Structure formats: C-alpha cells, structure tokens
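**Q** any chance you could fold what I've pasted below:
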Amino acid sequence: MINIEYYSDIDTTPYVRYHKFIKYITLQSEVGNSAESIPQRADRALGYITSNDLPSAIAELSNLKMLHQFIKNDIIPEGLANAVMVKSIDGVECNDLTLEGLNKVLLKLDSIGTTKKQVAEKNEEVKKKYHLNWRCIFPKFLRGKT
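**A** Predicted coordinates for the structure are as follows:
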C-alpha cells in the first residue's frame, strides 16, 4: 500500500506551497478544468452580453480563452492544487513546485489509481481545514454564482 502524506494544517504548510494551492484552486473555481466547462463559460458570456454587462462579458471570454489554453496544454488546476499539497509519497518528499514537478506528482498519483473524485474530495478537505471562506477572500469571482 502506497502512503501519501498531505500537508494538513496551516501552521506547518510552507508559505509558497499554501499560496500555490490558493492560486490553483482559484483558477479551478473561476476558469474550470475541462471541456465540460466551455458551454458554461460561453453561456455566461452570452448572458452578460444580453444584459449589456460588457466588463463581465470580457472577463468571462478571457476565462474561456484561458480554459482553452489549459485544455490544449494539459494543465489541470484542480490536480495541480492537489499535487501542491502532497508532502510525500512513500516517504519521498515532493518539493518541486514547478509545473513540471507538480505534473510528476500528478502522474505518480495517477499511476497508483488516484481518481478525480479523490482529488476533488482531498481539495475540499484541505479547504475546510484551512478555514477558507472563498466569499470573503474572492468576492468578485463569485459575482453571479450561486
């Protein structure tokens, strides 16, 4: 059985690692992870255009463009957020926080059978442990969302 150790509290998580987690989880939340997010982004942009809310439409189209680049370049913010919080796998420290290093962690997690559901659940667990209140931290990102 493979042992995966995650950083589990804010006091022991290295500063840069914590902020990279915030960065990737915010990108995942605001931009999306996959092609399934494309219609949502387009519909939201169309709604803003119909409502004559040009700044929001531009922001939404920018998010759509970023999502396209993520998909094209195999960048998965949800997975990167998860990988950044992995402290070690079978006692081997995971300290390379570059995109390449985080992708290696993702590949290792994938090779041992980690599922998308497990990644999403671990990210939610981390957010809860860190008492992240996204409505307070990023109110502008939540505009128009339920």
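
**Q** what helix or strand is F21 on?
**A** F21 belongs to helix 15-30 when assigned by DSSP states H and E.

**Q** correction: the previous question concerned K87.
**A** Counting by DSSP H and E, K87 is part of strand 86-89.

**Q** tell me which strands the helix or strand just after that strand pairs with, and in which orientation.
**A** Downstream of strand 86-89, the first helix or strand assigned by DSSP H and E is strand 92-93. Sheet pairing of strand 92-93 (DSSP bridges) gives strand 86-89 (antiparallel).

**Q** CA atoms of the partner strand as CSV?
**A** Extracted C-alpha coordinates of strand 86-89, given in CSV (Å, rounded to 0.1, in the frame of the first residue of the first chain):
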residue,chain,number,x,y,z
VAL,A,86,1.3,16.4,-1.3
LYS,A,87,4.1,16.4,1.2
SER,A,88,5.5,12.9,0.3
ILE,A,89,4.7,9.7,-1.5
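
**Q** now it: buried residues?
**A** Neighbour-count burial for strand 86-89 flags V86, K87, I89 (criterion: 16 or more other CB atoms under 10 Å). For the C-beta atoms, the positions are set from N, CA and C on the backbone; glycine is no exception.

**Q** residues making contact with it?
**A** I2, N3, I4, E5, Y6, Y7, E93, C94, V105, K108, L109, I112 (CB atoms under 8 Å, 6 or more residues apart in numbering).

**Q** kindly export the helix holding F21 (C-alpha atoms) in CSV.
**A** Listed next in CSV are the C-alpha coordinates belonging to helix 15-30 (Å, rounded to 0.1, in the frame of the first residue of the first chain):
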residue,chain,number,x,y,z
TYR,A,15,4.2,29.6,2.8
VAL,A,16,4.8,29.4,-1.0
ARG,A,17,3.1,26.0,-1.1
TYR,A,18,0.0,27.4,0.6
HIS,A,19,-0.2,30.3,-1.8
LYS,A,20,0.2,28.0,-4.8
PHE,A,21,-2.7,25.9,-3.5
ILE,A,22,-4.8,29.1,-3.3
LYS,A,23,-3.8,30.1,-6.9
TYR,A,24,-4.7,26.7,-8.4
ILE,A,25,-7.9,26.2,-6.5
THR,A,26,-9.0,29.7,-7.5
LEU,A,27,-8.2,29.1,-11.2
GLN,A,28,-10.1,25.8,-11.0
SER,A,29,-13.0,27.6,-9.4
GLU,A,30,-13.1,30.6,-11.7
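
**Q** right, I'll leave it there.
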